[in-house]
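Asker: what follows is a predicted protein model with its sequence.
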Amino acid sequence: MLAGLGYMGASKALMEMLGVPLGPARLPNTNLTPEQKSGLRGRLEAMGFFDWVG
């Protein structure tokens, strides 16, 4: 799931969702758009990810 969005940017977005702000990914890696972050959160919620880690 993360690799399909660009692993580094997606993993940093996920860590931010978990309360660990790591800042943006450095080039040549890309950062997720707000829409991509929202979609990632929705897919993670649908699979129960936040219930498992929280």
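Answerer: Perfect, thanks for sending it. Treat the numbers as computed from the prediction; the structure is a model and nothing was measured. Numbering: from 1, shown residues only.
Asker: report the buried residues of the lengthiest helix in the chain.
Answerer: In the chain, taking DSSP state H as the definition, the longest helix is helix 34-46. In terms of neighbour count (16 or more other C-beta atoms under 10 Å), helix 34-46 has its buried residues at Gln36, Lys37, Leu40, Leu44. Yep, even glycine has a C-beta here, placed from its N, CA and C like the rest.
Asker: centre of the chain to it, how far?
Answerer: 8 Å (C-alpha atoms, centre = their mean, to the nearest Å).
Asker: double-check Ala10 against Glu16; I have them as touching.
Answerer: No - taking contacts as C-beta atoms under 8 Å, Ala10 lies outside contact range of Glu16: 10.6 Å.
Asker: and these two? Which one has more around it.
Answerer: Per other C-beta atoms under 10 Å, whichever of Ala10 and Glu16 has more neighbours is Ala10, with 22 against 14.
Asker: and that one, helix, strand or coil?
Answerer: helix (DSSP: H, G, I helix; E, B strand; the rest coil).
Asker: what lies in contact with the helix or strand that the longest helix of the chain is followed by?
Answerer: Once helix 34-46 ends, the next helix or strand along the chain (criterion: DSSP states H and E) is helix 49-53. With C-beta atoms under 8 Å, 6 or more residues apart in numbering as the contact definition, helix 49-53 has outside contacts at Met17, Leu18, Leu44.
Asker: which one of those residues sits closest to Leu5?
Answerer: Leu44 (11.6 Å; C-beta to C-beta).
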